[in-house]
Each structure stands twice: as C-alpha cells, then as structure tokens.
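Undergrad: task: produce atomic coordinates for the following.
(one chain, ligands or ions: 1)
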Amino acid sequence: MSNLLRTWERIIIHADMDAFYAAVEQNDNPKLRGQPVLIGSRSGRGVVLTASYEARPFKVGSAMPMAQALKRCPQAIVVPPRFERYTSVSARIMEVFADFSPDVEALSLDEAFINMSGAEHLFGPPEAMALKLKQDVFEATGGLRVSVGVSHIKYVAKVASDLGKPDGLLVVPPDKAVSWLAPLPISRLWGAGPKTQARLHAAGYNTIGAIAATDPRTLERQFGSMGPHFHALANARDPRQVARSQRASSMGSDRTLNHDITARKDIESHLKRSAERIGRRLRGKNLLAGGVRVRLKTSQFKLLSRQCTLAEPSDVAATLYAAGAALLDRFDDPGPFRLVGLAAHSLTSADSGAQLGLLDNSDKRQLETTLDAVAEKFGDSALRRARDVDTLAKDTPDLDFLRAHDKVDDSDR
Ligand SMILES: [Mg+2]
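TA: A predicted model of the protein is given here:
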C-alpha cells in the first residue's frame, strides 16, 4: 500500500443510530412518519425508551415517565417496544459495520466503534468512509439514518457523533481535536456524572479547554485519579483501542435427561432450575434477555422449539421461568421428552436498561441478587431448593451455552 494513501495514524468511527427504536417503528409503519412517537408502555410505571425527533421539541426524552411525557406532548403516538424487531434490525446494521472493518466494538444494539485505521485504500479518506457507512446503513435498513463521528481516538469520535445528531457526519482531524474540544461544556467529559460535574463547576472548570490547560497534578489533588484522566481526555489523549466484541446473542441451559419425562410439572422443574442458572449468568455478565426460548427433544429425537419476547428485557429468573412455562402451552407434541432446554435470547447490555429505568427492581430481583452473592461464596449447590432436589438429582449436568449467532430452529412451526 502506498503511504500517500495514509491519512491519520489511527482512524476511529463512532456510529450511532438516530432515535433507533422510534426510527424503526416509523420506517416499518408509514403512518408514524413525521409524527411525534414515543416508544414505551402506557402502563402506570412505564418510561419513554425512545422519543422520535418530532417529539423532542416538546422536551420529552428517554427515561422520562410516560405520564409526564404525555402531559408535555399529548398528541404523541405511544408505540409498545418490539425488541425482537430491533434486535434483527441491529444485526443487519452490525453486518454493514463488519463490511467496513473486522474491528467493530458494539456498545449497544444501535451503537458501535469501528476501527478504520489503514483502510484508506479501500474506502478513501475519513470523510468518504463516513459517508459510505451512512449510505450503506441507509440502504441495508431501507431508510434508517446513522450519525457518524470520526477522529483518531474513541473519545473524540463519540463526542463528534453526538454533536452531529441527527443524521450527523462530523470529522475531527487529530491536529484539530484539542481546539475542537476546548469550548465544549464539561458535561461532554467522559466519566463525569452529575455529581462530578457539580464539583468541576464549583472548582471553576466550565469547559473542556479549562481542564486541558490545568496542570494534571493540580487536577489530581482536586479530583483524585479522575483528575489526570480528565486532563488526558481534554487533551485528546485516549489510548483505548477498539475491542472486537463477541457479545453472545443467546445464553441457555440444555439438559439431556437420564429418563424421558412427560408430566408438565417435571418439565417445569427443569425449566425453573435452568432459569435460575441463566438469570444468575445474565446478572454476572451484566446482560438482559429480550426473550426466552424453550426447546424440547422427543424420545424420537425430534427437536421442537418455541420462543417469545418479554414485555421488558429482564435478568430475573422468575420472569424467565414464567415466560418459559407459558411457552409449554404452545407445544402440541405430548412427549415423552429426553431433553429440556431453556435459553435467553436477544441479549442486550444491562447498562442501557438501567439508564432507561428498565430494570425490574422487584423484590424477586433483589432476592436473586442476594443469592448470587451466596452462590459466589459457597457454590451453586448451596442454593438448590429442597423441593426441586427429587426431580433433578438423577439427571446429567446442565450443558450451558453461549451462542454468538442465533440460528433458531423454527422448522417445526
Ligand atoms: Mg442511538
């Protein structure tokens, strides 16, 4: 490759879909286009997951209680979320990103870092890369728009895509990054939450430039280890590489039984135990399940599967179990069965759920989180509930799995 083609030492794109859930709904349903749309549940405690750009002038946004949002924007159309649909559109978008680089780090369903270093000979200079990415996403999704920020470090690329929204394309060359950051408010500093921002303001720092110009030792005295971190970011230094993500899209637990079972309560016992394991593993990996799948294998080796989407993503075993048990009604085959499997699919990061107030903070979740700590200390078997021991004792161990690519066997549908 000719050196003439190289532009910057490192080229990092941050790509983030605009109002993703709302945009998918508007794209799928022309009647919603041009309308203020709120994705979420109308029910009592529901929050807005995404507001379409038409709704945003009314000062409504993510994580706001739905009731409050509807007071501000009564004409808004409330659409319940379809996480399964968003997951499949997301998969298409991530495929487009993967066409640009082998190094794609997905941050959520609709957001990723893409390492484009050294790819000028394929895509041209940074601005052309960004433009082609936008066009390819638009075409692959039949009309969805992505905002793109490009720079030499993750931090600047991320801020650039945020500031460009919607339909943004902002390129910040490395030698311009420090001066570009300087006038931005400290709310744009990565890692500075509301409390830290208040402390920064109180100490007289109002812009990123003010932090960049301060001696890092002074910042360390004032803010501890965060000080030098902020100083580095403000000076456009961010050594983090784009980490290829291998996020599993399903997590499950299949049990091949030593003896075939037919009775529903026996199948349910197995589902319950699997749900407890999966719930614990989801919480351990900080993931939420968007849906649940049950697999049964008959004694004739016929594999049957049914799946459903949860009303809200969850990591609560009781919720996973209830969904799995309800799926049993949808199997016609009376058995007997030699394998019972439960899987959580459409996995997303729990961080985004927590941000949106999605996490089910029920007593059940608290209990399960407490049990996680016990299991960590004393081992899994300490937790087995006495009433489940009888049915489970004679079976082979669980085959837990994590799958990066979900190939759902729907042939029996
Ligand atoms: Mg987005």
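
Undergrad: mind listing the helices for the stretch 101-250 of the chain?
TA: Using DSSP state H, counting those that start in this stretch, the helices of the stretch 101-250 of the chain run over residues 120-123, 126-140, 154-164, 177-181, 194-202, 208-212, 216-223, 226-234.

Undergrad: make a markdown table from the ones you listed and add mean neighbour count, mean pLDDT and distance to residue 363 to it.
TA: For the C-beta atoms, the positions are set from N, CA and C on the backbone; glycine is no exception. Below are the helices of the stretch 101-250 of the chain laid out as a markdown table (neighbours: other Cβ atoms under 10 Å; pLDDT from 0 to 100; distance: least, Cβ to Cβ, whole Å):
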| stretch | mean neighbour count | mean pLDDT | distance to residue 363 |
| --- | --- | --- | --- |
| helix 120-123 | 15 | 92 | 52 |
| helix 126-140 | 18 | 97 | 42 |
| helix 154-164 | 22 | 97 | 37 |
| helix 177-181 | 19 | 98 | 45 |
| helix 194-202 | 13 | 94 | 28 |
| helix 208-212 | 21 | 98 | 43 |
| helix 216-223 | 16 | 96 | 38 |
| helix 226-234 | 21 | 94 | 35 |
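
Undergrad: distance to the ion added to those, as JSON lines?
TA: Listed next are the helices of the stretch 101-250 of the chain as JSON lines, based on distance: least, Cβ to the ion, whole Å:
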{"stretch": "helix 120-123", "distance to the ion": "23"}
{"stretch": "helix 126-140", "distance to the ion": "12"}
{"stretch": "helix 154-164", "distance to the ion": "9"}
{"stretch": "helix 177-181", "distance to the ion": "22"}
{"stretch": "helix 194-202", "distance to the ion": "21"}
{"stretch": "helix 208-212", "distance to the ion": "23"}
{"stretch": "helix 216-223", "distance to the ion": "29"}
{"stretch": "helix 226-234", "distance to the ion": "21"}
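
Undergrad: okay, the ones you listed in CSV with distance to residue 318 next?
TA: Output for the helices of the stretch 101-250 of the chain, formatted as CSV (distance: least, Cβ to Cβ, whole Å):
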stretch, distance to residue 318
helix 120-123, 48
helix 126-140, 38
helix 154-164, 37
helix 177-181, 46
helix 194-202, 33
helix 208-212, 45
helix 216-223, 42
helix 226-234, 38
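
Undergrad: minimum distance to residue 29: which of those helices has it?
TA: helix 126-140 (18.1 Å; Cβ to Cβ).

Undergrad: what helices or strands is the closest one leaning on?
TA: Applying 3 or more Cβ pairs under 8 Å, 6 or more residues apart in numbering; DSSP states H and E, one finds that helix 126-140 contacts strand 12-17, helix 83-100, helix 120-123, strand 146-151, strand 169-171.

Undergrad: most packed of the ones you listed?
TA: Of all the helices and strands packed on helix 126-140, strand 146-151 has the most neighbours on average by mean count of other Cβ atoms under 10 Å, namely a mean of 27.

Undergrad: secondary structure element holding residue 255?
TA: strand 250-261 (DSSP states H and E).

Undergrad: let me fix that: residue 294
TA: strand 287-298.

Undergrad: do the same with residue 9
TA: Using DSSP H and E, no helix or strand contains residue 9.

Undergrad: so what's the residue count around it?
TA: Residues near residue 9, counting by other Cβ atoms under 10 Å, number 9.

Undergrad: what about stretch 121-130, how long is it end to end?
TA: 14 Å (Cα to Cα, to the nearest Å).

Undergrad: starting at the chain centroid, how far to that stretch?
TA: Offset of stretch 121-130 from its chain centre (Cα atoms, centre = their mean, to the nearest Å): 28 Å.

Undergrad: contacting residues around it?
TA: Stretch 121-130 is contacted from outside by 1-2, 5, 7-8, 11, 13, 100, 116, 119-120, 132, 148, 150, 169, 171, 173, using Cβ atoms under 8 Å, 6 or more residues apart in numbering.
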